[in-house]
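[1] Need coordinates for the below:
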Amino acid sequence: MQVWKDYQEQHKDRFLNELLDLLRIPSVSARSENKNDMTQCADAVKQRLLEAGADTVTIYPTEGHPIVYGEKIIDASKPTVLVYGHYDVQPADPLELWHSGPFEPVIKDGKIFARGACDDKGQFYMHVKALETMVKTNSLPVNIKFLIEGEEEIGSKHLGDFVNAQKELLKADVILISDTSMLSMENPSIDVGVRGLTYIEVEVTGPNRDLHSGVYGGAVANPITILAQMIATLHDENNHITIPGFYDDVVVSSPEERAEMAKAPYNEEEYKKDLGVTELWGEKGYTTNERTGIRPTLELNGIWGGYTGEGAKTVLPSKAFAKISCRLIPNQTTAKIEKLLIDHLIKIAPPTVQFKASVHHGGDPYLTPIDSIEYKAASKAIETSFGKAPIPVRGGGSIPITALFESALGIKTVFMGFGLDSDNLHSPNEKYGLFNYYKGIETIPYFHKYYEEMKK
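    Numbers count the residues shown, from 1 in each chain. This is a model prediction of the structure:
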């Protein structure tokens, strides 16, 4: 609608400056030293929602970081859209790899560089500005609720309790999330699903203290060696995961779905060049897009032990550690894969060491039916603003709370992200395109318009 475009163009500089202010707040949920920053960021989100036209905004404390809830109710007979996002961000480490300060946003080559620029401050803030656009132009077609949490990057530890306790408050017809990506701005897409996640940490202990590697080497098992050997057995020569029962519940994609996925533009040489690798790696029999969307994975996220400081220290370490995560697809569940993984590692650990595992966080996979009203509304909205229909794709990442939303609230989620896989999420020099940001603000009101029309 022209009135939306006119309003957004008139206020685009302010829309950007407000986002930059949010990005300057180091809202790192994983670190206790940033607790005050988390509170400051929650307060800022509340204020921005009120300024955008929300009727009420409340900050709900949790045992961890606070949750911001806001709403704009225009007519109880109208559909209600629940917008979910998160204001917390990943730690910025390693700092030395950033080209500019992670919490000192810089605009370069048409992109905002800062931690949280895309994940998820830039993306959830599009919804705040979309709300403002519709309220200020007297064209809001639906009721809108906002649930902006502060613990997504640490597994949404307390959100489940909040959702189950506040079902009436969160009552809605659909959940709208922009925490995903598109193939490109030239080839828009919609994630029709996200993978689930299981994440554990393991500890292997050998001797009761670090030993001299000359005096004891060759006589006592080295925990790093043992852990490396155990990890090496988790994939076979075809990069197939070897844990018994791991694939039992996997829903194998049909040839038709794989054919649809193959229509997505993909240039392998550009893909390798962007990542700085000469060859790709993955499960035999599947393409790169399939490996990152319709197949489960097992990855090592970190491994350490022994002496890692400057110079040499000839030590046989007492302990070795690793962080291991699995991405899951329908119908795998976090609970089952978690047990299979831990039980398997316990079984293959030799008697020369002691093995211990602890669970971090996880969530089940999620799919949005492409024949649903919510998907059709999102697709039509993107087609309206981009001039071409979006391609349905499977996202490789995880949004653990989506499965809980459906089970607790009984409603579907639709993903409408505007980031790119190359935006360095969770990495140094995270970025978000100005075009993407403004395009999201332009597109989101169309979703609300079409969703209201399709629900009649």
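[2] Can you name the residues that contact R258?
    Counting by C-beta atoms under 8 Å, 6 or more residues apart in numbering, R258 touches E290, I294. Where you see a C-beta, it was placed from the backbone N, CA and C, and this is true even at glycine.
[3] Which segments of this structure make up each domain?
    Annotated domains of the chain cover 2-194+366-455, 196-258+293-363 [automatic domain parsing].
[4] Please identify the deepest-packed of the ones you listed.
    Highest mean neighbour count of these: domain 2-194+366-455, a mean of 19 (counted as mean count of other C-beta atoms under 10 Å).
[5] Between the two ends of that domain, how far is it?
    24 Å (C-alpha to C-alpha, to the nearest Å).
[6] ok, which stretches of the stretch 151-300 of the chain are helices?
    Along the stretch 151-300 of the chain, counting by DSSP state H, counting those that start in this stretch, helices occupy 159-165, 223-232, 255-261, 268-275, 288-291.
[7] Quick one, which of the ones you listed gets closest to P369.
    Closest to P369 of the helices of the stretch 151-300 of the chain is helix 255-261 (C-beta to C-beta; 12.8 Å).
[8] Alpha carbons of that closest one, in PDB - could you do that?
    Extracted C-alpha coordinates of helix 255-261, given in PDB (Å, rounded to 0.1, in the frame of the first residue of the first chain):
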ATOM      1  CA  PRO A 255      11.700 -37.400  -4.700                       C
ATOM      2  CA  GLU A 256       9.100 -34.600  -5.400                       C
ATOM      3  CA  GLU A 257      10.300 -32.500  -2.400                       C
ATOM      4  CA  ARG A 258      14.000 -33.100  -3.400                       C
ATOM      5  CA  ALA A 259      13.200 -31.900  -6.900                       C
ATOM      6  CA  GLU A 260      11.600 -28.800  -5.500                       C
ATOM      7  CA  MET A 261      14.600 -28.100  -3.400                       C
END
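[9] And it, how far out from the chain middle?
    How far helix 255-261 lies from its chain's middle: 24 Å, per C-alpha atoms, centre = their mean, to the nearest Å.
[10] residues contacting P66?
    Applying C-beta under 8 Å, 6+ apart to P66 gives the contacts M38, T39, A42, I59, Y60, G150.
[11] Contacts for the strand or helix carrying T58 next, please.
    Assessed by DSSP states H and E, T58 sits inside strand 56-60. With contacts defined as C-beta under 8 Å, 6+ apart, strand 56-60 is touched by 42-43, 46, 49-50, 66-71, 146, 162.
[12] in this protein, which helix or strand is least confident?
    Among the helices and strands of the chain, helix 255-261 carries the lowest confidence by mean pLDDT, DSSP states H and E, at a mean of 86.
[13] of the contacts of P66, closest to A92?
    Using C-beta to C-beta, those come closest to A92 at M38, 14.9 Å.
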